[in-house]
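*Asks:* can you look at this prediction? I've put the sequence above it.
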Amino acid sequence: MPMIKPASIRDLKQRVNIVDVVSGVVTLRKAGASFKGLCPFHQEKSPSFHVTPDRGMYKCFGCGKGGDAISFVMETEHFAFTEAAETLARRFNIPLEYEDGGPTREERSLRQELYDLHELAAEHFHTALKGPAAVGTFMRTYWTEKRRFPLEVAEEFKIGAADETGGGLAAMLARHKFSEEAFRQCGLFFVREGVPFSLGALKPRFRGRLMIPIRDIQGRVVAFTARQTEITPADDPAREAKYVNSPETPIFTKGDLLFNLDRARKHVGSTPFVMVEGQLDAIRCWHSGLKSVVAPQGTAFTERQLNLLHRLNPRLECFLDGDSAGRKAAFRLLPLSLKTGLDVKFLLLSPGEDPDALFRDRGMAAYEDLRQHALDGITFACRALLPDPSKASAFERQEAMKQLFEIIAHSPSETALEAYLGQIQRELRLGRGLFTDFETFRRGARGVTFATDQDRRVTPDSGVTETYSPTGPEEHLLLLCLHHEELGAPLASLIQHDWTADESVAGRLLNRALAAFQDRDWPGRDEVMTLAHDDPAEQALLTKLLFVPPREDDPMKVANEGLRVLHQRFIRRQLDQIGLEIASIRPDSGADSSLVLRRKADLIRQSKHPPQLSAHQ
């Protein structure tokens, strides 16, 4: 793939606001000249993730991850460098220049092909729904009369229609010259194995179904959910399934996504997220004015999904169906919510009722009434397991306690555990023996790790407390180049390339920095990540040094000490080499050792006078 010109990368970084990039994944709050939020790379309750817009950098002082806008996209979306840069350029409408022209359609990465392919497929299905053909007429009637949604909502969510044959999709995509691998991996087709690849070898996965595009947090179509209808053909392998989802692909992992999160995240703040079970439930809530609604892909909630919500807003209302499946979903979600630190409330629907029907038939007032009677997670679990404790047998109490213990054991906080046990004690009307029973349960538990509050690292809200001490002369001098740029050119004039340990990360970076100063091509501190050459270790060290200023008050003193150590180390290596040369000279060889000895004496003299910066340089 053609390389992007370095000047174009610098322009991209200058024009992209890193706060806009990061806030697509993390809820950021102003903290002085920077912003902070919960780290997207590890689980935490107190924010230790900082974004500094004037430097275009981010840094987590909990896990150590850091970098610029491009590296953030690389980390969060698992892209290579060029793919991440192109993604940012498209997102912010910034043109890129390449060394040898732009990438051809054939040179796109598979992931980018799949993003493009899904956008075209979504448009294809949506056009079919709006069109004059029989499938469009049927699906519009189904949407407006059976589902009772206006067509404006179908337009907003790009709802589509797949006809009974699924015909036309493969041919349309083929005109855009997608690769064979993209067709095989997109999940929209069953591909016949053992036969040469052709359009005829592709069998559409979705036929005669209402098509709901699934978007990632960036708003890109990555998959589809397909609703069964009266025209779903009898030979559909999943004919009896009401909903069929895309299989997992390189751009779609169902446990990583929540339907409508790309829209809902813009409406949270004082408003919590609201979790419903299905996409049509979510669309109904959205249309009725509940804009912070999200839904999983099925009822299999994952820790990754809840961590994603927690980074954006720590409060969640669960608005699940009133049937047994809804209750089971709630019990799957509750332990994960305790583990991730989400503050969860449960809104209880009547048996057989779902959010779609509630909003359609009774409106927002009914929802607000449910909110008035919402239950926290532990109270919900207690009442669901033992609706009437006074009538429960000893066995029923024991079984309920066991299930409750298994739920609260996921909490990482001893303080929270004590509060949960007190709550269970009150709800089930139990004695103090409950606490002893829980300790017995914990000692016998297998496969559960019980962390304490002391085990968790806390970052004070007052700011960053971590300090960094550079190791070795290369890191000290590199730190000076970053924070005292006026010393860069003088240092470059004194330090020879072979003085530094080029096999080390700091050595490589220092040599590049000094070469840039010498060539008058220093990119400046804000663009210094270009020195890293896409190396994660180099990016990590630069980020660390950029975020933690040197503690030494006299930079000249530090510079001269670094020069002395580098120089002495170089001299020692040379003397060691000369020692080996002298030892290899045989006394009877007749070789003249005087030249080698003069070199040794000259090196010893040099060692006594290392180069130094003066105040006038």
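*Replies:* Alright, I've got the coordinates.

*Asks:* burial count for Lys242?
*Replies:* Counted by other Cβ atoms under 10 Å, the residues lying close to Lys242 total 12. C-beta coordinates here come from the backbone N, C-alpha and C atoms, glycine included.

*Asks:* so it sits right up against Gln228, yeah?
*Replies:* Yes: contact criterion Cβ atoms under 8 Å: Lys242 and Gln228 qualify, at 5.0 Å.

*Asks:* can you show me the helices along the stretch 201-350 of the chain?
*Replies:* 261-264, 279-287, 303-312, 324-340 (DSSP state H, counting those that start in this stretch).

*Asks:* from the ones you listed, which stretch is densest packed?
*Replies:* Compared across the helices of the stretch 201-350 of the chain, helix 279-287 shows the largest average neighbour count, a mean of 23 (mean count of other Cβ atoms under 10 Å).

*Asks:* contacts for it, please.
*Replies:* The contact list for helix 279-287 (Cβ atoms under 8 Å, 6 or more residues apart in numbering) reads 147, 149-150, 153, 157, 212, 214, 225, 227, 259-260, 263, 274, 276, 293-295, 319, 354-356, 359-360.

*Asks:* narrow these to those that are buried.
*Replies:* For the contacts of helix 279-287, a burial check counting by 16 or more other Cβ atoms under 10 Å picks out 147, 149, 153, 157, 212, 214, 225, 227, 259-260, 263, 274, 276, 293-295, 319, 354-356, 359.

*Asks:* so which of the residues you listed are in strands?
*Replies:* Assignment to strands by DSSP state E places the following of the buried ones among the contacts of helix 279-287 there: 212, 214, 225, 227, 274, 293-294.

*Asks:* farthest pair in these?
*Replies:* Within these, Arg227 and Val274 form the most distant pair, 21.5 Å apart (Cβ to Cβ).

*Asks:* look up how far Lys544 lies from the residue nearest the centre of the chain.
*Replies:* The chain has Thr76 as the residue nearest its centroid, 3.4 Å off, counting by Cα atoms, centre = their mean. Taking Cβ to Cβ, to the nearest Å as the measure, Thr76 falls 20 Å from Lys544.

*Asks:* surely Gly136 touches Ala128?
*Replies:* Yes: the pair formed by Gly136 and Ala128 meets the contact definition of Cβ under 8 Å, at 5.7 Å.

*Asks:* between these two, what contacts are shared?
*Replies:* Residues within reach of Gly136 and of Ala128 at once, by Cβ under 8 Å, 6+ apart, are Ala161.

*Asks:* low-confidence ranges, the stretch 201-350 of the chain, go.
*Replies:* 299 (pLDDT under 70).

*Asks:* what residues sit buried inside the top helix by length along the chain?
*Replies:* Criterion DSSP state H: the longest helix present in the chain is helix 555-584. The neighbour-count check on helix 555-584 (16+ other Cβ under 10 Å) flags 555-556, 558-563, 565-567, 570-571, 574 as buried.

*Asks:* adding distance to Leu333 and pLDDT, write these out as a markdown table.
*Replies:* A markdown table is the format used below for those (distance: Cβ to Cβ, whole Å; pLDDT from 0 to 100):
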| residue | distance to Leu333 | pLDDT |
| --- | --- | --- |
| Pro555 | 54 | 82 |
| Met556 | 60 | 85 |
| Val558 | 54 | 83 |
| Ala559 | 57 | 86 |
| Asn560 | 61 | 87 |
| Glu561 | 57 | 86 |
| Gly562 | 55 | 86 |
| Leu563 | 60 | 87 |
| Val565 | 57 | 87 |
| Leu566 | 58 | 87 |
| His567 | 63 | 87 |
| Phe570 | 62 | 85 |
| Ile571 | 66 | 86 |
| Gln574 | 67 | 82 |
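
*Asks:* for those residues, which one is nearest Phe517?
*Replies:* Each of the buried residues of helix 555-584 was checked against Phe517 using Cβ to Cβ; the closest is Ala559, at 13.0 Å.

*Asks:* who touches that closest one in this structure?
*Replies:* For Ala559, the contact set (Cβ under 8 Å, 6+ apart) comprises 477, 480, 487, 491, 613.

*Asks:* are any of those residues buried, and which?
*Replies:* For the contacts of Ala559, buried by 16+ other Cβ under 10 Å: 477, 480, 487, 491, 613.

*Asks:* would a markdown table of the buried residues of helix 555-584 with distance to Ala300 be doable?
*Replies:* Listed next are these as a markdown table, based on distance: Cβ to Cβ, whole Å:
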| residue | distance to Ala300 |
| --- | --- |
| Pro555 | 56 |
| Met556 | 61 |
| Val558 | 55 |
| Ala559 | 58 |
| Asn560 | 62 |
| Glu561 | 59 |
| Gly562 | 56 |
| Leu563 | 60 |
| Val565 | 57 |
| Leu566 | 57 |
| His567 | 62 |
| Phe570 | 60 |
| Ile571 | 65 |
| Gln574 | 65 |
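
*Asks:* all strands of the stretch 351-500 of the chain, in order?
*Replies:* Taking DSSP state E, counting those that start in this stretch as the criterion, the stretch 351-500 of the chain carries its strands at 375-376.

*Asks:* mind listing the helices for it?
*Replies:* Under DSSP H, counting those that start in this stretch, the stretch 351-500 of the chain gives helices at 355-372, 377-385, 394-408, 414-428, 433-444, 472-483, 488-494.

*Asks:* now do the shortest one: everything it contacts.
*Replies:* Spelled out, that is helix 488-494. Applying Cβ under 8 Å, 6+ apart, the contact partners of helix 488-494 are 477, 480-481, 513-518, 522, 559, 563, 611, 613, 617.

*Asks:* what residues sit buried inside that helix?
*Replies:* In terms of neighbour count (16+ other Cβ under 10 Å), helix 488-494 has its buried residues at 488-492, 494.

*Asks:* C-alpha coordinates for that helix, PDB please?
*Replies:* C-alpha atoms of helix 488-494 as PDB (Å, rounded to 0.1, in the frame of the first residue of the first chain):
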ATOM      1  CA  GLY A 488      18.700  20.400  20.700                       C
ATOM      2  CA  ALA A 489      21.000  22.000  18.000                       C
ATOM      3  CA  PRO A 490      23.900  22.500  20.400                       C
ATOM      4  CA  LEU A 491      23.700  18.900  21.600                       C
ATOM      5  CA  ALA A 492      23.500  17.700  18.000                       C
ATOM      6  CA  SER A 493      26.700  19.500  17.200                       C
ATOM      7  CA  LEU A 494      28.600  17.700  20.000                       C
END
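
*Asks:* Val51: helix or strand, and which one exactly?
*Replies:* Applying DSSP states H and E as the criterion places Val51 in strand 49-52.
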